[in-house]
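Engineer: output the structure for:
(2 chains)
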Amino acid sequence: MAKKRFSFSLAALIVFFVILLSLISIRLTGLDAVFPNPVGNLLREVLAPLQSGVTSVSSGIRDAVVNIRDFSKIRQDNKSLKTQIDELTKENNQLKQKILAGMRFEELEKKFDSPAIWKSPYIGASVINRNPSNWYHTIVINRGSKDGVKVNNPVITNLGLVGKVIGVTTSTAEVILILDPEGQVSGAVRQSEGSAAYGIIVGDYKRGPIASAGSLKMTVPKDDKVNPGDMVLTSGMGGVYPKDIPVGTVQEVNLETGGLLKTATISPLVDFTHVEEVFVVLTGGK
Amino acid sequence: MRRYIGLGILFLLSVLLQSTLFNYLVVAGVKPDFVLLLVIYFAFTNGPGKGALLGLTFGLLEDFYVGRYIGMNALSLLLTGFIAGWFETKLYKENLLIALVVVFVASFFSQAVFLFSGIAAGLTWEIGDNIKLIWPLAVYNMCLVPITYPWFHRSITKGFLRYRPRHER
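Structural biologist: The predicted structure is shown next:
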């Protein structure tokens, strides 16, 4: 009991000086003060490795406890997040489709050069269905009579001829492809001396349960100079298709057995199995 | 000597726990203050002189460890050790209820000294805001008494924190 030996005034003096010293010390060692602190540094260095160990252990325990406590909440979160993912995936897919469609339409805008076509009014359309009937090689597009589409309107892409409209509803139209034997086209091949060789382009698509891609055949007189690599265009005859729409390129030329005609096999420019956007030319029709 | 080593280890352990584990035990914005508890217990069983001395030592060490405002913990723990030691001369130490009251009063007192020493030293602390931190800490420390005091009391009367007179060494 050391304090009991001091007189009251001495004790008061000691307390006063202790408080004064403390306040001065606090004041001098504030946040921005720089001073040597060997004791503190030693303490920190001793405690630092222990602290990191205890912290990692205790945070692990805490995480486990929190996980158990929040399990039902996490499950709920998980559920709602999954729903959100589904929604976002759906949205994302829709946006992707829109972007891709936009890219294809952009591609579509790089058209072939044919004043006969492009001076006529035309509208873009998307393919919404393929081969709805077993009888014709057709596609269905999302434009109909309310857009001004009529039967016999030519349908093209930026590359060339696709076919013609054979049936119209208010908002859709059925298009028969030139691959179908019913969708014959009057074609013309520019010969080497400049004049055109005319013939009928007929698709050799066979009807049946299994659709074959098909190619195009064009029969021309034997004397006409048609060579592999030649470009086949529409002739403009027959009234349905305007002149000079590209159809395809000649792949090979074979003599018919009769000897009077020869047949040119034409590979179409348009990829009919993958065509998704087309133009309907609003000319002619009935 | 043995008891001082024991106290030193307890101090290091308290600082260690306060800076790590107790950050996960924050209630009402405060975590338990084991250094303060140690000083109160020690003073309450060893009297004001030793209590004040231990408070000063631990307070200074804590201040050095924190590394700024050196003297705040020292002053507050010094005075707290003295107050808790003063209770030693007046109160019955074996009673847990009395220990509860002593810890509450001493904790409250130490935080008040801490706060006012900071303000007196010119820190821009709002009394109103910080007084809200004083009550929870006093209550929190008090809640730890039933867990820790019996152990400490046993150790200081029979265990390794026991004061051994010179002839026993």
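
Engineer: which SSE is the closest residue to B:G81 other than its chain neighbours in?
Structural biologist: Distance criterion CB to CB, 6 or more residues apart in numbering or on different chains; nearest residue to B:G81, sequence neighbours excluded, is B:G55 at 2.9 Å. To be clear about C-beta, it is placed using only N, CA and C from the backbone, and glycine gets the same treatment. B:G55 belongs to helix B:48-66 when assigned by DSSP states H and E.

Engineer: state the distance from A:I176 to chain B.
Structural biologist: Computed as CB to the nearest CB, to the nearest Å, the A:I176 to chain B distance reads 76 Å.

Engineer: phi first, then psi, for that residue.
Structural biologist: phi -90, psi 130 (degrees, to the nearest 10).

Engineer: run through the bridge partners of it.
Structural biologist: Beta-bridge partners for A:I176, by DSSP bridges, are A:T138, A:K164.

Engineer: and the single longest helix found in chain B, average pLDDT?
Structural biologist: Secondary structure of chain B per DSSP state H: the longest helix is helix B:127-157. Taken as a whole, helix B:127-157 has an average pLDDT of 82.

Engineer: quick check: buried residues in that helix?
Structural biologist: Of all the residues in helix B:127-157, those buried under the rule 16 or more other CB atoms under 10 Å in any protein chain shown are B:130, B:134, B:136-138, B:140-142, B:145, B:148-149, B:152-153, B:155-156.

Engineer: flag every residue of chain B that's near chain A.
Structural biologist: B:12, B:15-17, B:19-21, B:24, B:47-49, B:52, B:60-61, B:63-72, B:74-75, B:78, B:82, B:117-118, B:120-123 (CB under 8 Å from any CB of the partner chain).

Engineer: circling back to that earlier point, between the buried residues of helix B:127-157, which is nearest chain A?
Structural biologist: Lowest distance from chain A to the buried residues of helix B:127-157 (CB to the nearest CB) belongs to B:N130, with 15.2 Å.

Engineer: the closest one against B:A112, yeah?
Structural biologist: No. Between B:N130 and B:A112 no contact is recorded; they are 9.5 Å apart, counting by CB atoms under 8 Å.

Engineer: so what touches stretch A:24-41?
Structural biologist: With contact meaning CB atoms under 8 Å, 6 or more residues apart in numbering or on different chains, stretch A:24-41 is reached by B:60-61, B:63-72, B:74, B:117-118, B:121-123.

Engineer: which residue is nearest the middle of chain A?
Structural biologist: Among the residues of chain A, the one closest to the centroid is A:L100, at 3.1 Å (CA atoms, centre = their mean).

Engineer: before we move on, what about chain B?
Structural biologist: The structure's chain B has its C-alpha centroid closest to B:L36; by CA atoms, centre = their mean the separation is 1.8 Å.

Engineer: list the contacts of it.
Structural biologist: With contact taken as CB under 8 Å, 6+ apart, B:L36 is in contact with B:L77, B:T80, B:A106, B:S107, B:S110, B:N141.

Engineer: same thing but at 10 Å, please
Structural biologist: B:14, B:18, B:55, B:58-59, B:62, B:73, B:76-77, B:80-81, B:84, B:103, B:106-107, B:110-111, B:114, B:137-138, B:141 (CB atoms under 10 Å, 6 or more residues apart in numbering or on different chains).

Engineer: and the strands in the stretch 1-150 of chain A?
Structural biologist: Secondary structure of the stretch 1-150 of chain A by DSSP state E, counting those that start in this stretch: the strands cover A:122-130, A:138-141.

Engineer: would you turn those into CSV with mean neighbour count and mean pLDDT?
Structural biologist: As requested, these are arranged in CSV below (neighbours: other CB atoms under 10 Å in any protein chain shown; pLDDT from 0 to 100):
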stretch, mean neighbour count, mean pLDDT
strand A:122-130, 16, 86
strand A:138-141, 23, 87
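
Engineer: now for whichever residue of the stretch 151-286 of chain A sits closest to chain B, how many residues are close by?
Structural biologist: Closest approach between the stretch 151-286 of chain A and chain B, counting by CB to the nearest CB: A:E276, at 59.4 Å. By other CB atoms under 10 Å in any protein chain shown, the residues close to A:E276 number 16.
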